[in-house]
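Peer 1: have a look at this prediction, sequence included:
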Amino acid sequence: MKKIQSTLFILFYSISSLLSQPQQVSDCGENYYRLNETELAYISTLDKIQGSSGNSYSSTKRFFPKFIFGDETTKIVQNGQISYYERRLKLYDDGTHGDDIAGDGIFSRSCITMDDLFLEYNLFDGMAAVFSEGEGELFIINPKLRGKIKFEDYGDGLQGTANALFASLGDRYEFILKKENWPLHNPKTSRSALRVLTQFGDVFDHLVFVPDIPFGGAGYVRIRDDIQGIMTYGDPICKTGMWKLGQFGEPSWQKPSDYKYENVDFGCRNKFLGGGDFARLKGNIWNGWSRSLHNLNHEFGHWMGIGPSNAYFPLPYLSWNSQDRMHINSTSTVSNVMTGPLWDPKKGWPNSVRVKDENGIWKEVQIESNNDGTFTMVPRNPMKHEGYDDILLYMMGFKLPQDANKRYYLFQESDMNLNDCFYQDDSKGEPYNATAGPSGLYCYDDIIDQSEYGDIVEFGVQEMIDMYGPRVPSYKNAPKHLNVGVIILTRDIASEATRAWYDLLYGWWANEYEWHKELGGTWPFVTRGTATINTGIKE
């Protein structure tokens with residue numbers, strides 16, 4: 001890892017005194033950490049149940065601070081009391097044990113150690129531990145790393161390590177408290193994006209925005225679609241190319257022959273906050289999770305567009321993304337992070353198809369070809385199905401067309417009639433693991449033969465080239481290394497423990513070839529070793 005020399009920079013914020021300061025275990029006696037007015041308001045704002053009459057709150061556990069080293073303590077705070085913590089750690093609303101205001105309905109307890117939560121350093125080769133329950137999270141860093149992760153301080157609230165950037169929002173942190181993410185990653189309004197782009201210049205392929213409080217799921221903002229031959233082309237913000245609308249608001253490109261790549265302009269006034277233009281930047285990603293990277297891998301798939309938005313592929317009357325025009329249909333055999341489980345062909349979403357796995361557990365499925373005219377509905381396996389398949393790696397520029405030679409099949413849902421499958425409200429007492437819940441189509445035969453699917457379409461990379469032309473830039477000229485700015489959004493200047501957690505997390509994601517049940521797959525894993533990526537200070 002390239003060493004980064006830290007610089008000294010002193011910056012005073014009017015709200016800097018509001019930071020949650022961890023206490024050393026040895027110092028945590030009668031001097032319990034007390035929440036200030038801002039932190040109490042913060043809890044009420046985050047946990048207020050939307051649409052409720054009066055003061056109704058969820059019982060989410062909050063930690064102050066939520067990023068600590070293992071020889072420090074934290075404080076648990078929650079609205080209301082539940083039996084779970086009565087069994088493990090009693091919380092108080094009587095003004096003792098660090099509770100701030102007796103009888104206010106907010107239960108708390110100070111001086112909590114990682115031993116109190118029965119945690120061990122089980123992540124990143126023993127360098128970190130995580131406690132999580134719902135939205136409540138606590139991240140603990142091995143004290144061995146204290147003072148070891150170098151960083152640069154660029155001033156004006158911006159810091160960076162080798163694997164992450166950190167932008168303090170100050171008053172704009174209210175968007176996070178209100179759970180409003182659009183102003184924070186919209187290129188026209190994002191001040192943190194402007195700060196990063198001003199500091200480093202036009203060097204990023206994508207920007208990723210990560211709030212230090214999980215919310216908002218994940219999403220992709222298209223900024224520049226300038227790759228020919230992958231069915232998404234034009235400037236989505238400036239409405240050129242396929243994004244240009246006709247006289248009556250209809251899409252101007254509706255069939256493959258409309259995809260003319262000449263004379264398409266990119267860039268326009270006020271595309272970015274500050275009025276500049278950054279021609280390398282393809283898109284902004286919102287990743288609203290502090291630890292899970294499943295969704296980040298999914299959003300990178302949107303970079304390719306999985307187009308076209310109105311034309312068709314692989315046939316003039318049948319499209320692999322017809323279900324919502326943003327994801328690949330579950331009735332295809334493309335194995336990738338852009339496909340959900342197979343939905344009941346008759347009832348559709350959210351009624352998923354499920355079969356039993358080798359352990360007798362009902363699980364949602366993906367279709368795989370047996371290469372003999374029959375297909376198998378196999379239980380979804382993230383390690384197997386959440387990577388980028390050949391055709392997607394070709395679209396990304398990571399694989400030669402002649403090497404991306406896997407053949408795929410697309411079913412017409414209206415022709416599918418699955419035998420030995422029955423819609424059930426539940427699994428009849430048998431174990432199940434399904435994102436769609438207990439109700440769905442339970443199949444007692446996992447084979448799909450020709451009598452059950454009617455017409456299907458075979459396709460691959462060559463059909464894409466025939467319809468939309470070759471990829472430009474070609475594999476030879478396409479970058480195999482992406483420079484991505486992962487921007488952690490905090491209220492104040494990020495603490496050392498905060499920097500350490502995100503440096504470890506995104507360093508692992510960018511460099512290791514692994515899949516983790518809770519964290520997800522790393523970039524080398526999902527791209528199958530075809531590409532590299534950098535997520536922090538530009539190398």
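Peer 2: Cool, the structure landed.
Peer 1: mind checking the end-to-end distance for stretch 274-284?
Peer 2: Distance between the boundary residues of stretch 274-284 (Cα to Cα, to the nearest Å) amounts to 16 Å.
Peer 1: need the residues that contact it.
Peer 2: 185-187, 190, 193-194, 197-198, 202-209, 220-226, 266-267, 269, 271-272, 302-303 (Cβ atoms under 8 Å, 6 or more residues apart in numbering). In short, each C-beta sits where N, CA and C put it, glycine included.
Peer 1: and these, which are buried?
Peer 2: Among those, those buried by neighbour count (16 or more other Cβ atoms under 10 Å) are 185-187, 190, 193-194, 197, 204-209, 220-226, 266, 271-272, 302-303.
Peer 1: now, those residues that are in strands?
Peer 2: In this view, these that belong to strands under DSSP state E are His206, Leu207, Val208, Phe209, Tyr220, Val221, Arg222.
Peer 1: beta partners of the last one?
Peer 2: It stands for Arg222. Gly283 (DSSP bridges).
Peer 1: Glu518: neighbouring residues, count only.
Peer 2: Glu518 has 11 neighbours, counted by other Cβ atoms under 10 Å.
Peer 1: where's it relative to Tyr444, distance?
Peer 2: Distance, Glu518 to Tyr444, using Cβ to Cβ, to the nearest Å: 32 Å.
Peer 1: now swap in Pro308 and tell me
Peer 2: On the measure of Cβ to Cβ, Pro308 and Tyr444 end up 38 Å apart.
Peer 1: bridging residues for the residue nearest to Ile493 when sequence neighbours are not counted?
Peer 2: Excluding the flanking residues, the one nearest Ile493 by Cβ to Cβ, 6 or more residues apart in numbering is Ser168, at 5.3 Å. The partner list for Ser168 in beta bridges (DSSP bridges) reads Thr490.
Peer 1: where exactly do the helices run in the stretch 401-539 of the chain?
Peer 2: Per DSSP state H, counting those that start in this stretch, the stretch 401-539 of the chain carries helices over the ranges 461-468, 496-511, 523-526.
Peer 1: and of the ones you listed, who's closest to Tyr33?
Peer 2: Counting by Cβ to Cβ, Tyr33 lies closest to helix 496-511 out of the helices of the stretch 401-539 of the chain; the figure is 15.1 Å.
Peer 1: which secondary structure elements does that closest one contact?
Peer 2: Judged by 3 or more Cβ pairs under 8 Å, 6 or more residues apart in numbering; DSSP states H and E, helix 496-511 is in contact with strand 67-69, strand 128-133, strand 136-141, strand 165-168, strand 481-490, helix 523-526, strand 532-534.
Peer 1: quick one: that helix to strand 136-141, angle?
Peer 2: Interaxial angle, helix 496-511 versus strand 136-141 (axes from the mean of the first three to the mean of the last three Cα atoms, to 10 degrees): 90 degrees.
Peer 1: and helix 496-511, how far from the chain's centre?
Peer 2: 15 Å (Cα atoms, centre = their mean, to the nearest Å).
Peer 1: next, the angle from that helix to strand 128-133.
Peer 2: Using the same axes, to 10 degrees: helix 496-511 against strand 128-133 is 100 degrees.
Peer 1: could I have the CA atoms of helix 496-511 written out in PDB?
Peer 2: Taking Å, rounded to 0.1, in the frame of the first residue of the first chain, the C-alpha atoms of helix 496-511 are listed here in PDB:
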ATOM      1  CA  GLU A 496      -9.400   8.300  13.700                       C
ATOM      2  CA  ALA A 497     -11.600   5.300  14.400                       C
ATOM      3  CA  THR A 498     -14.000   6.400  11.700                       C
ATOM      4  CA  ARG A 499     -11.200   6.700   9.200                       C
ATOM      5  CA  ALA A 500      -9.800   3.300  10.200                       C
ATOM      6  CA  TRP A 501     -13.100   1.500   9.700                       C
ATOM      7  CA  TYR A 502     -13.800   2.800   6.200                       C
ATOM      8  CA  ASP A 503     -10.200   2.500   5.200                       C
ATOM      9  CA  LEU A 504     -10.300  -1.200   6.200                       C
ATOM     10  CA  LEU A 505     -13.700  -1.900   4.600                       C
ATOM     11  CA  TYR A 506     -13.000  -0.300   1.200                       C
ATOM     12  CA  GLY A 507      -9.400  -1.500   1.200                       C
ATOM     13  CA  TRP A 508     -10.700  -5.000   1.600                       C
ATOM     14  CA  TRP A 509     -13.400  -4.500  -1.100                       C
ATOM     15  CA  ALA A 510     -10.900  -3.000  -3.600                       C
ATOM     16  CA  ASN A 511      -8.100  -5.400  -3.100                       C
END
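Peer 1: quick check: angle from it to strand 481-490?
Peer 2: Relative orientation of helix 496-511 versus strand 481-490 (the same axes, to 10 degrees): 160 degrees.
Peer 1: comparing Pro308 and Tyr444, which residue is more hemmed in?
Peer 2: Neighbour count, other Cβ under 10 Å: between Pro308 and Tyr444, Pro308 has more, with 25 against 10.
Peer 1: helix, strand or coil for the more buried one?
Peer 2: At Pro308 the chain is in coil, as set by DSSP: H, G, I helix; E, B strand; the rest coil.
Peer 1: how about the contacts made by the closest residue to it other than its chain neighbours?
Peer 2: Of all residues not flanking Pro308 in the chain, Met231 sits nearest, at 4.3 Å (Cβ to Cβ, 6+ apart). With contact set as Cβ under 8 Å, 6+ apart, Met231 has these partners: Tyr259, Gly305, Gly307, Pro308, Ala311, Phe313, Met464, Tyr468.
Peer 1: likewise for Pro183?
Peer 2: Counting by Cβ under 8 Å, 6+ apart, Pro183 touches Arg172, Phe175, Thr189, Ser190.
Peer 1: surely the last one touches Trp182?
Peer 2: It stands for Ser190. No. Contact criterion Cβ atoms under 8 Å: Ser190 and Trp182 do not qualify, at 9.4 Å.
Peer 1: domain assignment for this protein?
Peer 2: Recorded structural domains for the chain (assignment: automatic domain parsing) are 18-145, 152-303+477-534, 314-468.
Peer 1: you'd agree Ile149 is up against Arg499?
Peer 2: Yes. Judged on Cβ under 8 Å, Ile149 makes contact with Arg499 at a distance of 6.2 Å.
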